[in-house]
Structure formats: C-alpha cells, structure tokens
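A.B. asks: Fold the stuff below for me.
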Amino acid sequence: MNLKSLFYLHHSDRKVILSLLVFVLICLGLIVFVGSRTEETAAGKDDSLPLRPTASFPRRKQLPVYEMENGKQLFPFDPNTATADELQQLGLAPFQIRNILKYRSKGGVYRSPMDFARLYGLTRRQYRELAPYITIGDDYEPASTLPSVQHYIARKEAEKQAAHAAYEAYKARNTYKPYKEYDRDTIRYPLKLKAGEHVNLAAADTSQLKKVPGIGSGWARAIISYGRRLGGYVAVGQLLEIEGFPEEALPYFSISDPHTDKINLNTATLSQLRRHPYLNFYQARVICDYRRLKGKLTGLAQLRLSKDFPPEAIERLRPYVIF
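C.D. replies: Residues are numbered from 1 along each chain as shown. As a prediction, this is how the structure comes out:
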C-alpha cells in the first residue's frame, strides 16, 4: 500500500470536506467582523441615553474642576445628561450609576438638585460634596417656569380676582331678598305627607304620589302604569299586586269616586282580554269558547261552571267588565 492510496478520498468525500472548510471560514469572518464593531461602539454606549449638546442654564456660579485625594474629580455636571464615565469620575458607586441610568431610561428627570438627593444609596457626605456642582439644564426645567406660561397664569389669576371683586361689589349694592318658603326644591323633592293625610289613588298623578313617604319617582311611575293596565283602582289593597311594593305606604292612600275603564266581554278579542292583569290565557279562552258555543254573555255568573273562574276571580273582575 503506497502513500497515494492512503490519502485518496472519494469525490463525494472531497465535496463534504470542502463544504466544511468554507463554513468554518465564514464563521471566522463573522466573528472577526462582529468583534471589531463591538470594540468601535463600546466607548459610545457607556450611557443608556443618547448624548446631545444641552444648553445648560445653571442656577449657581460654575465651579472649577476639583480633584480630590482619592482620585475622584468634582466638576459641574447635569444628572440628566452625564455619562457613566463622568458619574464614575465624580466618585459614585457602580450601583448608583446603574440606578441613575435606569431612572433616566424610564423617562425620569431630575428637575432640581434636591431630586438628585433621592438617589438610592447616596449618602449625606456625597450629596454635600456634589450639590454645589449640580446644574440642571434649561431643557429640564418645569414648563411652568416659562415666561409665557407665567404670564398666562398671572392673567388668569387677575381675571379671577376681578370677577370676585365684581361679585363682592354687587352683593354690597343688592338689597333684594328672594322669597323662599321652603329650604329645598319642592318640585324635585316634594314635601311628604304627615300621618293622617291621604292621596286619592283613583285620581292622583306622579307629583301627588311622590308626596307619600317611601314613594319616589320609580314607584310613582309603577303605580300609574299598573292603574292603566287595570283600568283604574277600586281598592287600596290593589297596590300590593305590584311586586315589591312597600306596605308602609298603604295608610297614606285612599279611594274616593273610583272610575274604571271596562272591557266588553262579548266584543273583546282573545289578545285584548289577555292584556288585563286579572285575566290569563286560559280564562280568556274560556270566555271566547263560551261566546262561540253558547252565544253572548249576560253576566259573570255564567262563568262559574268553569274551573278557571273561582268565586274570588269573578269578584275581582266584576268592576272591570260589561256585557
């Protein structure tokens, strides 16, 4: 076996090896390219916020750079724009720098040196050293400090004071005293009836019904609606047929000169009969069947033979029917 036969590779094997070599070269090229880009941009990404030139508007005289014994430097800085390197030169701890950058990345703004004192982990000694060097840029001052806004606020306050002065002057000149019989609006909040007083249920409207203790706008509408379905009230106890009606209000009602709208049992249709609260579907069908088989009705006594018309049902229906 010679050396040539030892290193001989099949055509398909050579293709596989060549593909692997090409893949390895591509991976190496990507690693070199990405590494160079990372080194170029590492210095520019110390701060999580983009740096931009700011027109600083310091409230105090700018102090010169002061270098301390421990290697840190004190120089004027804006906590809203200072980079991580600048904060580190001021002697702040890494976790404090991270908190500042995180606060700024979430939209936080230092509007005064006192706001910077709230930094987590900042000691009194550090704040006393840094406070003279903190300068807040004009862009981060409150919008209310703008001259135009201050002028607007002053104008509104002057208008308010002028209006108040005009009212005080009118009140001093005004001698008319309005007549007020009651201390409240008796239309929206009517005076309630006293014990022994009554409302005629047969003729009362909603405004009169609301004078009854315990009856408001809702119950007044329910009373009127049920009275229209009945055809008129003939007894105060009929109010208890309204679901949930307060029984404590019954002593304030009375019935005088009742008038009812009557149903003609010989001409009303099945649907018309069913609309009355005292007639259900089966009772209405009995009336229609009786008319069809035996002719016109002349009295309620003719319905007593039906199991659907017990004596109490006939007496309850009597004020509301004609023949």
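
A.B. asks: Tell me which stretches of this structure form helices.
C.D. replies: 3-6, 11-42, 84-89, 94-105, 113-116, 124-130, 147-173, 206-209, 217-230, 270-274, 281-294, 311-317 (DSSP state H).

A.B. asks: Relative to residue 237, which of those helices is closest?
C.D. replies: Taking CB to CB, helix 311-317 is the member of these nearest to residue 237, at 10.8 Å. Any C-beta I mention is one placed from the backbone N, CA and C, and that applies to glycine too.

A.B. asks: pull the CA atoms of the closest one into CSV?
C.D. replies: What follows is helix 311-317, C-alpha atoms only, in CSV (Å, rounded to 0.1, in the frame of the first residue of the first chain):
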residue,chain,number,x,y,z
PRO,A,311,-115.5,32.9,43.0
GLU,A,312,-112.6,35.2,44.1
ALA,A,313,-111.5,35.6,40.5
ILE,A,314,-115.1,36.6,39.4
GLU,A,315,-115.4,39.1,42.2
ARG,A,316,-112.0,40.6,41.4
LEU,A,317,-113.0,41.0,37.8
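
A.B. asks: low-confidence ranges in the stretch 1-150 of the chain?
C.D. replies: 1-9, 35-71 (pLDDT under 70).

A.B. asks: let's go with 80 and repeat that
C.D. replies: Within the stretch 1-150 of the chain, the stretches with pLDDT under 80 are 1-14, 34-72, 141-142.

A.B. asks: And the stretch 151-300 of the chain, by the same measure?
C.D. replies: 178-191.

A.B. asks: Could you report the neighbour count for the closest residue to residue 91 other than its chain neighbours?
C.D. replies: Computed as CB to CB, 6 or more residues apart in numbering, the closest residue to residue 91 that is not its neighbour in sequence is residue 72, at 3.6 Å. Applying other CB atoms under 10 Å, we find 14 residues neighbouring residue 72.

A.B. asks: Could you do residue 78 as well?
C.D. replies: For residue 78, using other CB under 10 Å, the count is 20.

A.B. asks: Leaving out sequence neighbours, find the closest residue to it.
C.D. replies: Spatial nearest neighbour of residue 78, chain neighbours left out: residue 137 (5.1 Å); criterion: CB to CB, 6+ apart.

A.B. asks: is the one you found in a bridge, and if so with what?
C.D. replies: Counting by DSSP bridges, residue 137 is bridged to residue 56.

A.B. asks: Do I have it right that it meets residue 77?
C.D. replies: No: in this structure residue 137 lies outside contact range of residue 77 using CB atoms under 8 Å: 10.6 Å.

A.B. asks: Mind listing residues that contact stretch 249-269?
C.D. replies: With CB atoms under 8 Å, 6 or more residues apart in numbering as the test, stretch 249-269 has contacts from 193, 195, 197-203, 212-215, 219, 230-237, 239-240, 272-273, 276, 287, 291, 296-297, 319-323.

A.B. asks: Buried subset of the residues you listed as a PyMOL selection?
C.D. replies: Those of the contacts of stretch 249-269 that count as buried under 16 or more other CB atoms under 10 Å are selected in PyMOL with:
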select buried, resi 193+199+201+202+212+215+219+230+231+232+233+234+236+239+273+276+287+297+319+320+321
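
A.B. asks: Strands - which of the contacts of stretch 249-269 land there?
C.D. replies: 199, 200, 321, 322 (DSSP state E).

A.B. asks: ok, residue 226 - contacts?
C.D. replies: 238, 239, 241, 242, 277.

A.B. asks: and the residues you listed, which two are the farthest apart?
C.D. replies: Largest separation among the contacts of residue 226 by CB to CB: 239 and 277, giving 12.6 Å.

A.B. asks: Could you report the distance from residue 164 to residue 157?
C.D. replies: To residue 157, residue 164 is 11 Å away according to CB to CB, to the nearest Å.

A.B. asks: Likewise for residue 25?
C.D. replies: Distance from residue 25 to residue 157, by CB to CB: 76 Å.

A.B. asks: Equivalent analysis for residue 233, please.
C.D. replies: For residue 233 relative to residue 157 (CB to CB), the value is 62 Å.

A.B. asks: What is the burial count for residue 166?
C.D. replies: Neighbours of residue 166 under the rule other CB under 10 Å: 10.

A.B. asks: how close does it sit to residue 173?
C.D. replies: Distance, residue 166 to residue 173, by CB to CB: 11 Å.
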